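Participant: just coords:
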């Protein structure tokens, strides 16, 4: 096995900090299913990162399980991908501490996400919020990942991971593979329906479509989506001057596979009263099978448990190999 040409390894994770959104599906998860043929893929539910912000424990458990089920429903076959819950693999916390000791205070204080999150949670600026890029570096480096699929907003963390890996390797020799960011070509960057200048986010629920949402709620959000006051040739792609309409067109293109030219032709001479519900309907039809399959898997508790237990076992095997190497290098006595 070791001598075979190893597929390049990808690690990615999403925090179960809210229900999965259309943005995360079209921007990331939809494209992950196809990666399994080419890469050795590890996907984790980053529940340890989630608690840097206060959570209701029962909700966190529910969201974590729903998310594992939703991953499978979105096409991530557990036979071809390793799906696991971060807290089920203790090596993350163990390597996280070691890497804390090789990450500089100045590096962490420059992280834009820390600044954003501490502004939003001013009453709970905890140490975990500050050091979580070191845990993220551990998440990646434990698996000797070649590539990390990231949105543009996470690039800074992959940069830090690379710096920490190189720093450690310079001291102790070749321990970690230095990962590359993998920025998917096709993933659409989906913006908020009611604030098209910012990314679709669970923190603004009115402008955000959730994977498990009821069809009538989805349609209501699309009908209320912000557009503009154009009346002539109003459905046209112009992100600069028509951000709301362009975002709706991007969503429609992503769920129907149509090009911008085809969409412009389809709605030529029609106003937003026809266009917005059409986008809503297309999204509802795209999400319906995912929602139904997620609900079916959630009912099959034994199957769901078998998936995340097998995932944790496989992930632990790889992670512990790296951890043993690191512990030996830094001078810990082998047990």
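Facilitator: Yep, that arrived. Being a predicted model, the structure only gives us computed values, none of them experimental. Numbers count the residues shown, from 1 in each chain.

Participant: what ranges do the strands span in the stretch 101-250 of the chain?
Facilitator: 147-149, 180-182 (DSSP state E, counting those that start in this stretch).

Participant: Now distance to residue 50 too, for those, in TSV please.
Facilitator: Quick note: C-beta positions are derived from backbone N, CA and C, even for glycine. Formatted as TSV, these follow (distance: least, Cβ to Cβ, whole Å):
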stretch	distance to residue 50
strand 147-149	19
strand 180-182	22
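
Participant: Residue 334 is nearest to which of these?
Facilitator: strand 147-149 (30.0 Å; Cβ to Cβ).

Participant: Identify the residues contacting the residue lying closest to residue 181 once chain neighbours are set aside.
Facilitator: In space, and not counting its chain neighbours, residue 181 is closest to residue 158: 4.4 Å by Cβ to Cβ, 6 or more residues apart in numbering. By Cβ atoms under 8 Å, 6 or more residues apart in numbering, residue 158 lies in contact with 140, 148, 150, 179, 180, 181.

Participant: what about 10 Å?
Facilitator: Residues near residue 158 by Cβ atoms under 10 Å, 6 or more residues apart in numbering: 133, 136-137, 140, 147-150, 179-183.

Participant: quick one on the thing from earlier: which one of the strands of the stretch 101-250 of the chain is the most hemmed in?
Facilitator: Stretch with highest mean neighbour count among the strands of the stretch 101-250 of the chain: strand 147-149 (a mean of 23; mean count of other Cβ atoms under 10 Å).

Participant: Not counting it itself, show me its contacts.
Facilitator: 8-13, 27-28, 31-32, 35, 39, 41, 43, 136, 139-140, 154-155, 157-158, 161-162, 179-184, 187.

Participant: Check what contacts the helix or strand of the chain with the lowest mean pLDDT and list those residues.
Facilitator: Within the chain, confidence by mean pLDDT, DSSP states H and E is lowest for helix 112-120 among all helices and strands, at a mean of 80. With contacts defined as Cβ under 10 Å, 6+ apart, helix 112-120 is touched by 52-53, 108-109, 111, 124-126, 129-133, 136, 153-154, 156-157, 203.

Participant: swap the cut-off to 7 Å and go again
Facilitator: For helix 112-120, the external contacting residues (Cβ atoms under 7 Å, 6 or more residues apart in numbering) are 108, 125, 129, 130, 156.

Participant: and that helix, which residues are buried?
Facilitator: 114, 117 (16 or more other Cβ atoms under 10 Å).

Participant: And the helices in this structure?
Facilitator: 22-24, 30-32, 47-50, 57-73, 91-100, 105-109, 112-120, 127-141, 155-172, 215-223, 243-256, 260-266, 272-299, 301-330 (DSSP state H).

Participant: Phi, psi for the residue lying closest to residue 231 once chain neighbours are set aside please.
Facilitator: Of all residues not flanking residue 231 in the chain, residue 271 sits nearest, at 6.8 Å (Cβ to Cβ, 6+ apart). Dihedral pair for residue 271: phi -90, psi -170, per degrees, to the nearest 10.

Participant: Could I get the pLDDT score of residue 271?
Facilitator: With respect to pLDDT, residue 271 scores 91.

Participant: nearest to residue 325, of the contacts of helix 112-120?
Facilitator: Nearest member of the contacts of helix 112-120 to residue 325, counting by Cβ to Cβ, is residue 108, at 24.6 Å.

Participant: Run a quick neighbour tally on the closest residue to residue 128 other than its chain neighbours.
Facilitator: Sequence neighbours aside, residue 52 is the residue nearest to residue 128 in space, at 4.5 Å (criterion: Cβ to Cβ, 6+ apart). By other Cβ atoms under 10 Å, the residues close to residue 52 number 22.

Participant: which residues does residue 52 contact?
Facilitator: 126, 128, 129, 132.

Participant: Check the spacing between residue 85 and residue 14 real quick.
Facilitator: 12 Å (Cβ to Cβ, to the nearest Å).

Participant: about what we covered before: selecting buried members of the contacts of residue 52 in ChimeraX, what would you type?
Facilitator: In ChimeraX, this line selects whichever of the contacts of residue 52 come out buried by 16+ other Cβ under 10 Å:
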select :129,132
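
Participant: ok, back up a step: check what pLDDT the residue nearest to residue 128 gets.
Facilitator: 91.

Participant: Ok, residue 150 next?
Facilitator: 77.

Participant: Would you mind measuring from residue 21 to residue 291?
Facilitator: Taken as Cβ to Cβ, the span from residue 21 to residue 291 is 13 Å.

Participant: Name the residues contacting each of the two.
Facilitator: By Cβ under 7 Å, 6+ apart, residue 21 and residue 291 have these common neighbours: residue 211.

Participant: Between the two, point out the one with more neighbours.
Facilitator: For the pair residue 21 and residue 291, the greater number of neighbours falls to residue 21 (21 against 18), based on other Cβ under 10 Å.

Participant: now residue 328, nearest residue through space, not along the chain?
Facilitator: Spatial nearest neighbour of residue 328, chain neighbours left out: residue 334 (6.7 Å); criterion: Cβ to Cβ, 6+ apart.

Participant: so what's residue 194 up against?
Facilitator: 206, 207, 224, 225, 226 are the contacts of residue 194 under Cβ under 7 Å, 6+ apart.
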